[in-house]
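Enquirer: Structure here, sequence nowhere to be found:
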């Protein structure tokens, strides 16, 4: 007997018929002898419907805390409703079940409305229900702060709720049912030969998630790593009565253990992101403090910086480049033009048509040769590399956006990722 | 400066446009110098929508506690959403506002899901917000039991929430905005000349509410009486910018003080109910214990009995009649036929085509003559009285259903209720 947490997205909960199928699937797991905790999202479309109502009433662009507090209280109702409905569906199958909201558990968070972080979860009440033979359904996406205000964890937050719940309960595995059937070596829309990964380390998953493989909310992966919760991403589109052993092995397991397979593969996947823009500040004084001056101003405006490059100076002047979210590019440029560049005597160029392509692989840590294979591959395709950034388990390059597909396909083939057991040096 | 509680029904909250108008009305009361607490219902249709989803999933007729617990958690989301939306609408007007759910206040109830009773309300947090200049919005209809399970108060429960909130806070008045503009001397659909009552005692209101004048949930009136909360029923259809002094005097005030006007009027209103059925048990032994035997069996089945009559016995046998809710009539007859009548050697007749017509008036306590005027009036119209029941402030008669309108109109005229200042003996 294992303690298992299931998480179902809004699509799985999208109608009473689908909710009934979720209940059948969960009941199957109970019949197989497992204790089950389920974290559902709101019925698909419900959160958007609620937020649209708020938008009709609120002044455009309002972001003050009093407003965000109410928006969270509003949005949290979607999961409360879907959780109660799932409990009813399980009961209809003769399976005792009970639903709890974030405050009933309670799931404690900080007070950052719309993007709260989970601070603690009290598993006592849930454990008592499990011991009594009940399936326990816990609302995803929400918690309460120290003053009992309702908070939400942001879009995709139910993934984090599920993993955090699994961590608090010491669950054996957290299964995230989603509309993809696992994590792939790259985006199958670009490379049809992309292979599903049977397992991936949470560190790799962190990079893949943050680099635009939007399978899981990134914070859920952080949680999984921190609390060593095995997380499996698998398809919610399989029939509910699929053989449970087959189901339990499907999808992609995100693990904190490095198995032998991982030792062999250098590269697990190739991610790309077209959500960034490049800002190059040219002719800055080549002396300590310049970078801090530029990035400090950007950070003070709440704009996150990703790749940062400073070239070698010449004649006391250097060029300094970085990327920001594409949606923040204009704001970042405007504030630099106004507040920073005049004092530095520097000029600025921005480019929104870039793409960041990244190789991710935990095996890379102990192997040379990955970077040179990457650069050679891109060069052979005539793709100019504009920026390079490396970490222990990834290498990212910024290239012209128009080369996105070409770069991803070429790298995918060069590292043999289109073959089962690929990801080695060619 | 007064502390005022407003309650708005689902129709008033039926769209974002209407919610914005509720906000404008509340803000007007704040500008007039009042501290405001608002208890909204769910947006019209929302509670039905949610319960329909539950019904799609649950087995027909399910009523076990585990199910009702989930149904309450589901239904409670409607008020949480509308409350947050109203807070947002007030903030959009520049009026600081905050919404609280039942558990956040908290509003403590017993554990009777779908029909919970409020046990206590902690007004501390609300008072602190009021002192800080905020409008406080509290979800109607819901609370939590001692184990932090979400409970609802039943249909119309938001009226009770509002009055209970007003009691807990020691509010100066509780205004119930509804789709009628007050309490009338009788149903204006039957008697177009029916007059709006400027005030009515809570005892009279209790009788009027329980007798089918469905203006307010009866428990809200009980609360008002118990905690001496002045409650005003008024129209939600007046423009939000109606003069506040005019608004504050409109509708019907339910008061615990007997003013002079009441001393003069014997009769405040005429209520009727076609929701009952009559059961006559004939030829029961005319000895102590027989009534208890019959009514005990009915009560044990959870069926409430209203009017009860036993005629004078003859030859050791008597007839015993009572009314029950029309929907319970068949069940009550069946269980009597099976379990009680054989031992008594009695037979049974039931009649679903009856109507109970009641005169209600606090002035009746100290005046004779009301009953005789009532009986004479009905007699002159050729209406046979089947049963009679009296209390300190009401006289009810059961007549054939077909005489309903005729009886109500004749009595309304006989007591001068169609004239301003009516309700006296003719």
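Expert: Everything's here; your move. Quick caveat: nothing in here was measured; it's all calculated off a predicted structure. Numbering: from 1, shown residues only, chains lettered A, B, ... in the order given.
Enquirer: Could you use CA atoms for every contact and neighbour count after this?
Expert: Will do.
Enquirer: Residue A:43 and residue A:17 touch, don't they?
Expert: No: taking contact to mean C-alpha atoms under 8 Å, the distance of 11.6 Å between residue A:43 and residue A:17 leaves them out of contact.
Enquirer: Can you tell me the SS state at residue A:398?
Expert: Reducing the assignment to helix, strand or coil with DSSP: H, G, I helix; E, B strand; the rest coil, the entry for residue A:398 is strand.
Enquirer: and it, how many neighbours?
Expert: The tally of other residues near residue A:398 (other C-alpha atoms under 10 Å in any protein chain shown) stands at 25.
Enquirer: Contacts only, for it.
Expert: With contacts defined as C-alpha atoms under 8 Å, 6 or more residues apart in numbering or on different chains, the neighbours of residue A:398 are A:354-357, A:385-388.
Enquirer: rerun that using 6 Å as the cut-off
Expert: A:355-356, A:386-387 (C-alpha atoms under 6 Å, 6 or more residues apart in numbering or on different chains).
Enquirer: Now do the helices in the stretch 251-400 of chain A.
Expert: In order along the chain, the stretch 251-400 of chain A carries the following helices (DSSP state H, counting those that start in this stretch): A:260-264, A:290-300, A:329-339, A:341-344, A:370-380.
Enquirer: before we move on, the earlier item: so which of the contacts of residue A:398 would you say is closest to residue A:58?
Expert: Each of the contacts of residue A:398 was checked against residue A:58 using C-alpha to C-alpha; the closest is residue A:355, at 35.6 Å.
Enquirer: Show me the beta-bridge partners of that closest one.
Expert: The partner list for residue A:355 in beta bridges (DSSP bridges) reads residue A:399.
Enquirer: about what we covered before: counting neighbours, go ahead and name the busier of residue A:43 and residue A:17.
Expert: residue A:43 (24 against 14).
Enquirer: Give me the pLDDT value at residue A:315.
Expert: The predicted local confidence for residue A:315 comes out at a pLDDT of 81.
Enquirer: number of nearby residues for it?
Expert: When neighbours are counted by other C-alpha under 10 Å, residue A:315 registers 8.
Enquirer: roughly how far apart are it and residue B:208?
Expert: Computed with C-alpha to C-alpha, to the nearest Å, the distance linking residue A:315 and residue B:208 is 94 Å.
Enquirer: Ok, residue A:234 next?
Expert: Noted for residue A:234: a distance of 60 Å to residue B:208, by C-alpha to C-alpha.
Enquirer: what about the two, which has more around it?
Expert: Using other C-alpha under 10 Å as the criterion, residue A:234 and residue B:208 rank with residue B:208 on top: 30 against 23.
Enquirer: doesn't that one fall inside a helix?
Expert: Yes: counting by three-state DSSP, residue B:208 is part of a helix.
Enquirer: about what we covered before: want to throw the helices of the stretch 251-400 of chain A into JSON lines with mean neighbour count?
Expert: Compiled in JSON lines, those are given as follows (neighbours: other C-alpha atoms under 10 Å in any protein chain shown):
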{"stretch": "helix A:260-264", "mean neighbour count": "13"}
{"stretch": "helix A:290-300", "mean neighbour count": "16"}
{"stretch": "helix A:329-339", "mean neighbour count": "16"}
{"stretch": "helix A:341-344", "mean neighbour count": "14"}
{"stretch": "helix A:370-380", "mean neighbour count": "16"}
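Enquirer: what about residue A:131, neighbour count?
Expert: As a burial measure, the neighbour count of residue A:131 was computed by other C-alpha under 10 Å and equals 10.
Enquirer: sorry, back to before: now mean pLDDT too, for the helices of the stretch 251-400 of chain A, in a markdown table please.
Expert: Listed next are those as a markdown table, based on pLDDT from 0 to 100:
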| stretch | mean pLDDT |
| --- | --- |
| helix A:260-264 | 51 |
| helix A:290-300 | 88 |
| helix A:329-339 | 94 |
| helix A:341-344 | 89 |
| helix A:370-380 | 91 |
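Enquirer: all helices for the stretch 1-150 of chain A, in order.
Expert: According to DSSP H, counting those that start in this stretch, the helices that the stretch 1-150 of chain A contains are A:16-31, A:46-57, A:65-75, A:77-92, A:124-131.
Enquirer: Comparing those helices, which comes out most buried?
Expert: When neighbours are counted by mean count of other C-alpha atoms under 10 Å in any protein chain shown, the highest per-stretch mean among those falls to helix A:77-92, a mean of 29.
Enquirer: Show the average pLDDT along it.
Expert: In this model, helix A:77-92 carries a mean pLDDT of 98.
Enquirer: Repeat that for stretch A:387-394.
Expert: Over the span of stretch A:387-394, the pLDDT mean works out to 87.
Enquirer: what does stretch A:401-416 give?
Expert: Here stretch A:401-416 scores 94 as its mean pLDDT.
Enquirer: Just the buried positions in it, please.
Expert: Neighbour counts using 16 or more other C-alpha atoms under 10 Å in any protein chain shown place A:401, A:403-405, A:407-416 of stretch A:401-416 among the buried residues.
Enquirer: just stretch A:188-204 next, same as before
Expert: Those buried within stretch A:188-204 under the rule 16+ other C-alpha under 10 Å are A:191, A:193-204.
Enquirer: Could you do stretch A:178-188 as well?
Expert: Of the residues in stretch A:178-188, A:178-179, A:181-187 count as buried by neighbour count, 16+ other C-alpha under 10 Å.
Enquirer: Just the ones of these in strands?
Expert: Assignment to strands by DSSP state E places the following of the buried residues of stretch A:178-188 there: residue A:178.
Enquirer: Around chain B, which positions in chain A sit nearby?
Expert: If contacts are counted using C-alpha under 6 Å from any C-alpha of the partner chain, the residues of chain A sitting beside chain B are A:57-59, A:70, A:74, A:77, A:81, A:84, A:89, A:92.
Enquirer: Identify each of the strands in the stretch 101-250 of chain A and give its residue range.
Expert: A:107-109, A:118-121, A:135-138, A:142-144, A:150-152, A:173-178, A:199-201, A:231-235 (DSSP state E, counting those that start in this stretch).
Enquirer: Now do the contacts for residue A:232.
Expert: Residues touching residue A:232, when contacts are defined by C-alpha under 6 Å, 6+ apart, comprise A:175-176, A:252-254.
Enquirer: From the residues you listed, pick the one nearest residue A:158.
Expert: Proximity of those to residue A:158, judged by C-alpha to C-alpha, is greatest for residue A:176, which lies at 9.6 Å.
Enquirer: Next, work out how far apart residue A:349 and residue A:327 are.
Expert: Following C-alpha to C-alpha, the distance that separates residue A:349 from residue A:327 is 16 Å.
Enquirer: my bad, residue A:234
Expert: Look at residue A:234 and residue A:327: by C-alpha to C-alpha, they are 31 Å apart.
Enquirer: Likewise for residue A:9?
Expert: 27 Å.
Enquirer: Would you mind telling me which of those two has the busier surroundings?
Expert: In this view residue A:9 and residue A:327 are compared by other C-alpha under 10 Å, and residue A:9 has more residues nearby, 22 against 13.
Enquirer: what residues are up against that one?
Expert: Neighbours of residue A:9 in contact, by C-alpha under 6 Å, 6+ apart: residue A:41.
Enquirer: for the record, mean pLDDT for stretch A:268-287?
Expert: Per-region confidence: stretch A:268-287 scores 90 on mean pLDDT.
Enquirer: which residues sit against it?
Expert: Around stretch A:268-287, the neighbours that count as contacts under C-alpha under 6 Å, 6+ apart are A:185-186, A:208, A:211-212, A:313, A:316-326, A:344, A:346-352, A:355-361.
Enquirer: PyMOL command to pick out the buried ones of these?
Expert: A single PyMOL command selects the buried members of these (16+ other C-alpha under 10 Å):
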select buried, chain A and resi 185+186+208+211+212+317+318+319+320+321+322+323+324+325+326+344+346+348+350+352+355+356+357+358+359+360+361
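Enquirer: if I look at the residue lying farthest from the centre of chain A, how far off is residue A:283?
Expert: Relative to the C-alpha centroid of chain A, counting by C-alpha atoms, centre = their mean, residue A:315 is the outermost residue, at 43.5 Å. Counting by C-alpha to C-alpha, the separation of residue A:315 from residue A:283 is 10 Å.
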